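Colleague: Structure for the following, please:
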Amino acid sequence: FEHPNAVTVYDAGVVEEGTAEEQTFLAMELVRGRPLSAFVGDGETAIATKLRWLCDAARALAAAHRAGLVHRDVKPENLMVRNDGRIKVLDFGIAKQAALPIDASAPTEAPSKTGPITEKGSFIGTPRYAAPEQLRGEDVDGRTDQYGWAVTAYELLSGSPPFHAESPVALLSRILSDEPAKLRDKHPDIPREVEATILQALAKRRTDRPASMDDIADAIEPFADMQSPTDRRSPIQSVSPRPPATTIKRAARKGPGGRLESKALTRGSTCCGGRGAPRIGESATRPACLRSLVMNLETRLKTSFET
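Modeller: Here you go, the predicted structure:
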């Protein structure tokens, strides 16, 4: 599948097939930037910016689910903020192909048995971000990714994950039985609607979670930055008002016989609904658009000197 917030996979295959050196591979887009984990506890990044990243990541996961894929390892380290500010969901290397067509509650085509967490090599994913059903070795679906996304969102916004433990077994126990603390208790500036959405996605039973990742994105979209970082442009600096009909420059142009003559360039009518750019030697009572004034001057000087 393709999505602007998901890493592009160019090719997949097997090398040295049929030999002892056989390896499977994925050829993916190289994404330069910083993992989302670098922004955990970062007080300088606005909440609205973090919500924009989380919303865009949710949209990418929703697209994956519609394509029949469950990521299974959503965590800050697998979300990359590019150098231009756009977020990318990475590492679909352990994604599970699901039954098609897929909806949020559709089970995977074949059981996704992850095995007990204590068995080395049998658990697929990262325990801290794994959903309860994933830890229990049950089938996974799109709502499993919701849980990993919610743990990531909780950690990014509050500075710490919802569950802490000194050992893997204790962590597993807390994930399966404890309820997370309220987000607003840790960060009162987080909107209540955002807190409610994240806590719902952290529900122990997948049937209690939102219907889809799109529903999650829709819920937090109103509180996210209205523009993706890549869509932002530097604002035009405001210009202090100046009195009309005052000379601001003297422009040189060639007169008869090749002599350079100088005439006053003054503000003319505005370019927005007026007569257009000011003329050389013309005065008017309305303030001119500075941009138009400068462009007019540059054009006239260039034409004069080229001639």
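Colleague: distance between the ends of stretch 201-208?
Modeller: One end of stretch 201-208 to the other measures 8 Å (C-alpha to C-alpha, to the nearest Å).
Colleague: got it, and stretch 174-182?
Modeller: Looking at stretch 174-182, the gap from its leading to its trailing residue is 16 Å under the measure C-alpha to C-alpha.
Colleague: again with stretch 77-84
Modeller: 18 Å.
Colleague: buried ones in it?
Modeller: Counting neighbours by 16 or more other C-beta atoms under 10 Å, one finds that the buried residues in stretch 77-84 are 78-81. From N, CA and C alone the C-beta is placed, and that goes for glycine too.
Colleague: One more: stretch 218-228?
Modeller: 218-220, 223-225, 228.
Colleague: Please flag which of the residues you listed sit within helices.
Modeller: When DSSP state H is applied, the buried residues of stretch 218-228 are split such that 218-220 fall in helices.
Colleague: sorry, back to before: I'd like the buried residues of stretch 77-84 as JSON lines, with pLDDT appended.
Modeller: Below are these laid out as JSON lines (pLDDT from 0 to 100):
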{"residue": "78", "pLDDT": "94"}
{"residue": "79", "pLDDT": "96"}
{"residue": "80", "pLDDT": "95"}
{"residue": "81", "pLDDT": "96"}
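Colleague: Which two among the buried residues of stretch 218-228 are spaced furthest apart?
Modeller: Maximum pairwise distance among those (C-beta to C-beta): 18.2 Å, between 219 and 228.
Colleague: mind checking how far the closest residue in space to residue 22 that isn't next to it in sequence is from residue 10?
Modeller: Closest residue to residue 22 in three dimensions, ignoring its sequence neighbours and counting by C-beta to C-beta, 6 or more residues apart in numbering: residue 16, at 5.0 Å. Taken as C-beta to C-beta, to the nearest Å, the spacing of residue 16 relative to residue 10 amounts to 20 Å.
Colleague: Same check on residue 172?
Modeller: In this view, residue 172 and residue 10 are 37 Å apart by C-beta to C-beta.
Colleague: okay, those two: which has more neighbours?
Modeller: For residue 172 and residue 10, the more surrounded residue by other C-beta atoms under 10 Å is residue 172, and the numbers stand at 21 against 9.
Colleague: From what I see, that one and residue 131 are in contact.
Modeller: No - counting by C-beta atoms under 8 Å, residue 131 is not a contact partner of residue 172; they are 11.9 Å apart.
Colleague: quick one: contacts for the residue lying closest to residue 178 once chain neighbours are set aside?
Modeller: Spatial nearest neighbour of residue 178, chain neighbours left out: residue 163 (6.4 Å); criterion: C-beta to C-beta, 6+ apart. Taking C-beta atoms under 8 Å, 6 or more residues apart in numbering, we find residue 163 in contact with 128, 171, 174-175, 178, 180.
Colleague: wait, which of those is closest to residue 151?
Modeller: Closest approach to residue 151 among the contacts of residue 163 (C-beta to C-beta): residue 128, at 6.9 Å.
Colleague: picking that back up, reformat the ones in helices among the buried residues of stretch 218-228 as CSV; add distance to residue 144 and pLDDT.
Modeller: Conversion of those to CSV gives the following (distance: C-beta to C-beta, whole Å; pLDDT from 0 to 100):
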residue, distance to residue 144, pLDDT
218, 20, 96
219, 19, 96
220, 19, 96
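Colleague: and of the residues you listed, the nearest to residue 37?
Modeller: Lowest distance from residue 37 to those (C-beta to C-beta) belongs to residue 220, with 19.7 Å.
Colleague: where's residue 31 relative to residue 20, distance?
Modeller: Residue 31 is 33 Å from residue 20, where distance means C-beta to C-beta.
Colleague: whoops, I mixed them up, residue 212
Modeller: The span separating residue 212 from residue 20 equals 44 Å under the rule C-beta to C-beta.
Colleague: what does residue 127 give?
Modeller: In terms of C-beta to C-beta, residue 127 sits 32 Å off from residue 20.
Colleague: what does residue 210 give?
Modeller: To residue 20, residue 210 is 46 Å away according to C-beta to C-beta.
Colleague: Looking at these two, which has the bigger crowd around it?
Modeller: Comparing residue 210 with residue 20 by neighbour count (other C-beta under 10 Å), the higher total belongs to residue 210, at 21 against 5.
Colleague: All good on my end, thank you.
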